[in-house]
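Undergrad: I'd like to go over a predicted model; first the sequence, then the structure.
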Amino acid sequence: MSDSNLKLIAGLGNPGTDYAQTRHNIGFLVVEALAAASCLALNKTRFESAYVKGKIKGRDVILVKPMSYMNRSGGPIQKFAAYYKIDLPDIIIVHDDMDLDFGQIKIVQGRGHGGHNGVRSIIDVFGKRECIRVRVGVGHPIALRNGKQRGVTGHVLGRFAPDEQEALDVTIADAVDACLSILDNGITLAMNKVNTRR
């Protein structure tokens with residue numbers, strides 16, 4: 001990765017008010033927060049996406065929210081990558097992850113989709129898995145505290161529980177920090193910093 005390379009950071013989610021404050025849309029929330037912290041606004045549209053191009057940490061970055069629904073996220077991201085000639089290792093995907101406790105953040109690269117439909121779509125479209133991913137923990141339905149287990153779909157498409165809502169700002173800030181750390185320090189140092197955090 002050369003310093004001059006354009007980076008693309010895409011937050012995954014679903015369009016529309018029905019999905020706005022659901023666990024599955026935490027990728028959107030993180031990218032929106034990253035834009036706001038960088039004095040940018042995702043107010044342009046292209047390739048079925050809301051996006052903005054600007055500078056973050058001295059780097060040229062495109063922030064993207066694909067509006068094609070989660071399971072078709074790969075198409076818009078691939079179109080941005082082709083149009084701007086962005087290599088897959090220069091793409092950072094931010095998404096919800098049920099295999100992590102709520103609020104836990106992990107950075108990975110070159111891993112499989114782990115059952116996440118948005119990530120699966122990206123891997124299918126590119127035919128490779130070298131993108132960097134910021135996994136944002138939303139917990140697993142089995143771990144719901146009230147004893148009632150709901151299905152996976154109901155969990156990720158459900159709204160945040162009251163205690164999750166209280167911790168949401170910190171979680172989003174931590175995920176934004178992970179993205180900034182990748183831009184600032186590169187993948188290895190960012191993983192060492194973020195993945196060891198409790």
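TA: Received it, and whenever you're ready, just let me know what you need.

Undergrad: go through this structure and flag its longest helix.
TA: helix 162-185 (DSSP state H).

Undergrad: so which elements touch it?
TA: helix 26-37, strand 91-97, strand 105-109, strand 132-137, helix 187-194 (3 or more Cβ pairs under 8 Å, 6 or more residues apart in numbering; DSSP states H and E). For glycine as for every other residue, the C-beta is placed from the backbone atoms N, C-alpha and C.

Undergrad: helices and strands around the second one, which ones?
TA: Think strand 91-97. strand 7-11, helix 26-37, helix 74-84, helix 117-126, strand 132-137, helix 162-185.

Undergrad: how many residues are close by the residue nearest to residue 98 when sequence neighbours are not counted?
TA: Among residues not flanking residue 98 along the chain, residue 140 sits closest, at 4.8 Å (Cβ to Cβ, 6 or more residues apart in numbering). Residues contacting residue 140 under the criterion other Cβ atoms under 10 Å number 16.

Undergrad: could you list the single helix or strand in this structure with the lowest mean pLDDT?
TA: Lowest on mean pLDDT, DSSP states H and E among the helices and strands of the chain sits helix 152-156, with a mean of 57.

Undergrad: the most centrally placed residue in the chain pairs with what?
TA: Per Cα atoms, centre = their mean, the C-alpha nearest to the average position across the chain is that of residue 94, at 1.2 Å. Bridge pairing for residue 94 (DSSP bridges) gives the partners residue 11, residue 134.

Undergrad: ok, the spatially closest residue to residue 93 that is not a sequence neighbour to residue 161 distance?
TA: Ranked by Cβ to Cβ, 6+ apart and with sequence neighbours excluded, the top spatial neighbour of residue 93 is residue 133, at 4.8 Å. Residue 133 sits 25 Å away from residue 161, going by Cβ to Cβ, to the nearest Å.

Undergrad: quick one: which of the two has more around it?
TA: residue 133 (24 against 15).

Undergrad: can you list the weak-confidence ranges in this protein?
TA: Low-confidence segments of the chain (pLDDT under 70): 1-4, 142-160, 198.

Undergrad: 90 - rerun?
TA: For the chain, applying pLDDT under 90 flags the ranges 1-5, 16-24, 57-58, 69-71, 98-99, 101-103, 110-119, 127-130, 138-168, 195-198.

Undergrad: OK, contacts around the residue nearest to residue 93?
TA: 92-95, 107-109, 111, 119 (Cβ atoms under 8 Å, 6 or more residues apart in numbering).

Undergrad: all set now, cheers.
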